[in-house]
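Novice: Build me a structure from this.
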Amino acid sequence: EGREVAVQSLVGSPISVAETPGDVARTRLALLAGAAAALVGYLALAWLAHHSGHVWLGHLVLCWPELCDGGGCPLYRLLCAPLVLVYNALRIYACSCCLAFLARAGRAPFCRGCWRGVTGPPF
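Specialist: Here you go, the predicted structure:
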């Protein structure tokens, strides 16, 4: 039976959502400039907190060592909790695990003479 099928082609949409490479580069440069400006602003504020006599400003701006130990500003503790969790996990578990591997590597067969005085059950 002779059915006809009509096929329509989509030539293109008058609205384009793709950015040009120049727009992408300008956006990345603007983000980089914003991050650099924020870093310079923080460094200026940290210098001011360190050299001024205001104790509250130092506790607010220079609290990163306390923050990594679970102290510091409550707002920073809330915002940085995932980062502090990962930092402490790496510091506690990964470092001790790497040290255990290095200690085990020190007991290689070619270095048996180094461990002559150590006695204990074999693994």
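
Novice: from here on, contacts and neighbour counts on C-alpha atoms
Specialist: OK.

Novice: Going by neighbour count, list what's buried in the helix or strand hosting Val86.
Specialist: Per DSSP states H and E, Val86 falls inside helix 81-89. Buried residues in helix 81-89, counting neighbours by 16 or more other C-alpha atoms under 10 Å, are found at Val84.

Novice: how much does the helix or strand that it is followed by deviate in direction from helix 81-89?
Specialist: Counting by DSSP H and E, the next helix or strand C-terminal to helix 81-89 is helix 95-105. For helix 95-105 against helix 81-89, the angle by axes from the mean of the first three to the mean of the last three C-alpha atoms, to 10 degrees is 20 degrees.

Novice: Tell me how far helix 95-105 lies from the chain's centre.
Specialist: Helix 95-105 sits 24 Å away from the centroid of its parent chain (C-alpha atoms, centre = their mean, to the nearest Å).

Novice: Tell me which stretches of the protein form helices.
Specialist: Under the criterion DSSP state H, helices of the chain are mapped to 21-51, 55-61, 64-68, 74-79, 81-89, 95-105.

Novice: For Arg3, which of the ones you listed is the nearest?
Specialist: Checking the helices of the chain against Arg3 by C-alpha to C-alpha gives helix 21-51 as the closest, at 46.8 Å.

Novice: That closest one packs against which elements?
Specialist: helix 55-61 (3 or more C-alpha pairs under 8 Å, 6 or more residues apart in numbering; DSSP states H and E).

Novice: Please name whichever of the helices of the chain is nearest to Pro122.
Specialist: Of all those, helix 95-105 comes closest under C-alpha to C-alpha, at 12.8 Å.

Novice: do you know how far the residue nearest the centre of the chain is from Leu31?
Specialist: Residue closest to the average C-alpha location in the chain (C-alpha atoms, centre = their mean): Leu83, at 7.2 Å. Note on Leu83: its distance to Leu31, by C-alpha to C-alpha, to the nearest Å, is 22 Å.

Novice: pLDDT of stretch 48-68, averaged?
Specialist: The average pLDDT for stretch 48-68 rounds to 83.

Novice: first vs last residue of that stretch, how far apart are they?
Specialist: 22 Å.

Novice: Return the distance of stretch 39-46 from the chain's centre.
Specialist: That offset, for stretch 39-46, works out to 20 Å (C-alpha atoms, centre = their mean).
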